[in-house]
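K.L.:
Need the 3D shape of this:
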Amino acid sequence: MLLNCLTTGLASETPAAPRLLDFISSQHDRQFTNVPHEVLAFYYTWYGTPDREGQWVHWGGEDKAAHDIPASRHFPARGAYDSHDPALLESHILQAKAAGLTGFITTWWGQNGYEDRAFQLLLDAADKHDFKVTIYWEAAPGKGREQIDHAINDLAYVLKKYGARKSFLKGEGKPVIFVYGRVMGDVPFASWPAIISGARSQTGDFLLIADGYNESFARMFDGVHTYNICGDVRGKSPDALRTWSAQHYSSSVNLARHAGRISCVTVIPGYDDTKIRKPGLNAARQDGQTYRVLWDEAMRAQPDWVLITSFNEWHEGSEIEPSWEDGDKYFKLTAEFAPQFLAEKSSRAKSSSSSLSKAKARELQTLFKGRTIGLLPDFGDAAFWLLDAGLSVKELSWTDVTDPKIFNPQKYPLVLQAGGERYSANGQATNDVVPAIQQYLAHGGFLVSLPNEPFPFYYDDATGEARAAANQVGLPVRQGWEQPPAGEKLNFRFNTQALPEPAASAPFPAAGDLRWRPAQRAAVGRDDFYLPLASLVGADGREFGDGIAYVEFHHPPLNGGRTLYIWMRMNDVVGADDLLSGILEFAGKKISAAH
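P.N.:
Prediction:
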């Protein structure tokens, strides 16, 4: 989508936000099952003509004789039009309903802007025709507290002004807002509890559907979707597209269902932005085959909602609205599929539960009874697994870490680092975090590192520069490779006596991020106890370091402490349930033996 301008609102006074993990834990109770089906199209109200606006808005002009608009890949069958024309909006709604759509997700860039004024007119038309509309929240300007306040103010504006309207899209009676990927990228994940709780305090409850399929979004928000799949669609034959979309839609729906969230999948007729961007992307329509295949597989996946990109994003050539080039072909195709999907009022598939067995969860709960696991900042998906397993987990700040009254082995006999490569060197004073972790270990603490990026404790947030501290806090990690040696057949060999859950061996990943940061015996002192739990070996037996390693320290400054390092991709190698249950069983028994 194209960038536009935003009129900012005024900051609001908001209550203190809950901590990230506490907020996500509270979101766990928001389970959405038997969600009524919807077919929603992304809709654009940013168009204007000289007759109404005194100038072209977004079109860039029109040559009717040549059927050409400078900023549009195709030529609308009705020609260039104005989004502030009530008759046009009503006509679009009637066309959409005739094709089987139940609603629009409408571009929105801020209070009192061009699109906001058009949205008010669209709501009026939707109220008359039993049609649903909501906003696609596209911009969250600012940084830090300014950004949080601005976002709260924008959400409160929309919800107070429009949320109670009959035609505003609802889920379980609550207004629904979609969040575009630009906002998801601009707003730090840790800011969302403040934004969501702050808006709820002003407006009451509402639902947010995030752009992006990942575990963190599924836990934080009320649903997940994606706007554009053109990068994955382009260049694929119908058969290849069917294979990809079957897997993609299934995994997307399963992700949402696992968290009890609203599941959305996106279909596109095609996409071509090469007229407005260089080099741009082109996902061919293949005479309707692209759209047909995607619709087929979308319905097989049984999502709650099917989203269409788009009704009228003419710049990027993804529209289903009738054009001079294609006529009403894509309306007719939509009318074939949408009624079939809507005929079944909600999906048969139920919310999936964790694959961790109840017996194993009870075993871990018994092993950690009376013990709380501390969670260092910037945690990843491992934290959600701990919550699902029913274990007691407490989120810590870097300031907490520097306070020995809070951060000690009596309160947290096990501490998990499950974030990326960044850490803070400063909690309350300059360079006090690393000494605090060293003190925690020296008093008998146990640090487990399961990072979701290659090298934990690598970048200091104070400077953003590399300032590797992993070895200082007892993690025996070293630099490895960016890509594995060409032609080398690599396998992990597991110590099944110490780590019972995984199989005896498993191959090194073939795709994805293959940066290898192994644990090595040489990274700790000669007198320290080093136990490899997963070693990487070649076909000829050559060793390339360890993917999992346990250390007991017998020399200062970490004397008495224990660490466990796990390479970032071990979840993919072993599977999260086997890996985490095995690691926690190992660590829990070590802690019990020490007491």
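K.L.:
give the contact list for R515.
P.N.:
R515 sits next to P454, G480, W481, E482 when contact means Cβ atoms under 8 Å, 6 or more residues apart in numbering. Any C-beta I mention is one placed from the backbone N, CA and C, and that applies to glycine too.
K.L.:
Could you rank the residues you listed by neighbour count and give me the top one?
P.N.:
P454 (20 neighbours; other Cβ atoms under 10 Å).
K.L.:
tell me the secondary structure for that one?
P.N.:
coil (DSSP: H, G, I helix; E, B strand; the rest coil).
K.L.:
Let me see the contact set for it.
P.N.:
Here P454 is in contact with E421, D513, R515, R517, M568 (Cβ under 8 Å, 6+ apart).
K.L.:
Among the contacts of R515, which pair sits farthest apart?
P.N.:
The distance between the two most remote of the contacts of R515 (Cβ to Cβ) is 10.5 Å, for P454 and W481.
K.L.:
can you give me the mean pLDDT across the longest helix seen in the chain?
P.N.:
Identified as the longest helix of the chain according to DSSP state H is helix 238-258. Helix 238-258 shows a mean pLDDT of 96.
K.L.:
starting at the chain centroid, how far to it?
P.N.:
16 Å (Cα atoms, centre = their mean, to the nearest Å).
K.L.:
Would you mark the buried spots in it?
P.N.:
Judged by neighbour count using 16 or more other Cβ atoms under 10 Å, the buried positions of helix 238-258 are 241-242, 244-246, 248-250, 252-253, 255-258.
K.L.:
First-to-last residue distance for stretch 320-330?
P.N.:
5 Å (Cα to Cα, to the nearest Å).
K.L.:
Poorly predicted segments of this structure, please.
P.N.:
Where the chain drops to pLDDT under 70, the residues are 1-15, 349-355.
K.L.:
how is it carved up into domains?
P.N.:
36-343, 358-594 (automatic domain parsing).
K.L.:
As TSV, the ones you listed with distance to F23 would be great.
P.N.:
Output for those, formatted as TSV (distance: least, Cβ to Cβ, whole Å):
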stretch	distance to F23
domain 36-343	4
domain 358-594	10
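K.L.:
Which one, of those, ends up nearest to L21?
P.N.:
domain 358-594 (3.8 Å).
K.L.:
thinking again about what came up before, from the buried residues of helix 238-258, which is closest to P502?
P.N.:
H258 (21.9 Å).
K.L.:
Neighbours of D572, how many?
P.N.:
If we define neighbours as other Cβ under 10 Å, then D572 has 14 of them.
K.L.:
what sits against the residue lying closest to it once chain neighbours are set aside?
P.N.:
Among residues not flanking D572 along the chain, P509 sits closest, at 5.6 Å (Cβ to Cβ, 6 or more residues apart in numbering). By Cβ under 8 Å, 6+ apart, the contact set of P509 is R569, D572, V573.
K.L.:
What of L94?
P.N.:
H129.
K.L.:
Make sure it is indeed in a helix.
P.N.:
Yes: secondary structure of L94 (three-state DSSP): part of a helix.
K.L.:
Distance of it relative to H74?
P.N.:
Note on L94: its distance to H74, by Cβ to Cβ, to the nearest Å, is 21 Å.
K.L.:
same thing with A96?
P.N.:
From A96 over to H74 (counting by Cβ to Cβ), the distance is 18 Å.
K.L.:
Between the two, which has more neighbouring residues?
P.N.:
The residue with more neighbours, out of A96 and H74, is A96; 28 against 20, by other Cβ under 10 Å.
K.L.:
these two touch, right, the more buried one and S310?
P.N.:
No: contact criterion Cβ atoms under 8 Å: A96 and S310 do not qualify, at 11.5 Å.
K.L.:
who touches both of those two?
P.N.:
A41.
K.L.:
Near A576, how many other residues are there?
P.N.:
Counted with other Cβ under 10 Å, A576 comes out at 19.
K.L.:
Skip the chain neighbours and tell me the closest residue to it.
P.N.:
Nearest to A576 is W385, by Cβ to Cβ, 6+ apart, at 5.9 Å.
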